[in-house]
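J.: Return atomic coordinates for the entry below.
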Amino acid sequence: MVIQMIYLGGLSIWDIRERKVPVSPLVAGGALLLLLAINACFKGDLEWTALVGGLLPGAILCLLAGCTHKVGMADGIVVMALGAQYGLWGSLLLLFYSLVLLSVYSLILVVRHKAGKDTHIPYLPFLFVSYFCLVLMGCDWV
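T.: Residues are numbered from 1 along each chain as shown. As a prediction, this is how the structure comes out:
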């Protein structure tokens, strides 16, 4: 849990400040989380089907990033790394809450006339906040 918080927090800061995420910490942290998930599978704490299923939402985001260029590839990689840890339903729950937060923020920006159709909003901070809130609520999959 601490590793995920540091990973998401650091990448969120880069995403806010630079509007892009550097590749080396992104890949290093993602590989570490994936290795921890594989280790959990070998120990019997996580099923292989949960690991593979958890990769699906992030893989879909990566595919969307490659096709549309409206979603960042880093967003998909981070969702894949977290999905490997928490399985399909945990990944979808995290994705759902982060997208709800992003939607509320976007609605506020549009209503206040601060954003339009070409406005780019960093996604990783919303993923971090939703993960943090789920940890505070004591969600059973964290």
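
J.: Give the other helices and strands that the longest helix anywhere in the chain contacts.
T.: Using DSSP state H to assign secondary structure, the helix with the most residues in the chain is helix 73-111. Contact analysis of helix 73-111 by 3 or more Cβ pairs under 8 Å, 6 or more residues apart in numbering; DSSP states H and E lists helix 2-18, helix 23-43, helix 48-68, helix 124-136 as its packing neighbours. Where C-beta positions appear, they are placed from N, C-alpha and C, glycine not excepted.

J.: buried set for it?
T.: Residues 73-88, 90-95, 97-98, 101-102 are the ones in helix 73-111 that count as buried (16 or more other Cβ atoms under 10 Å).

J.: now stretch 13-22
T.: Counting neighbours by 16+ other Cβ under 10 Å, one finds that the buried residues in stretch 13-22 are 14-15, 21.

J.: which residues touch it?
T.: In this structure, residues lying in contact with stretch 13-22 by Cβ atoms under 8 Å, 6 or more residues apart in numbering are 11, 25, 72, 74, 120, 122-125.

J.: Now render those residues as JSON lines, adding pLDDT and distance to I60.
T.: Conversion of those to JSON lines gives the following (pLDDT from 0 to 100; distance: Cβ to Cβ, whole Å):
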{"residue": "L11", "pLDDT": "93", "distance to I60": "19"}
{"residue": "P25", "pLDDT": "91", "distance to I60": "23"}
{"residue": "G72", "pLDDT": "88", "distance to I60": "14"}
{"residue": "A74", "pLDDT": "93", "distance to I60": "15"}
{"residue": "H120", "pLDDT": "88", "distance to I60": "20"}
{"residue": "P122", "pLDDT": "93", "distance to I60": "20"}
{"residue": "Y123", "pLDDT": "94", "distance to I60": "14"}
{"residue": "L124", "pLDDT": "95", "distance to I60": "17"}
{"residue": "P125", "pLDDT": "96", "distance to I60": "21"}
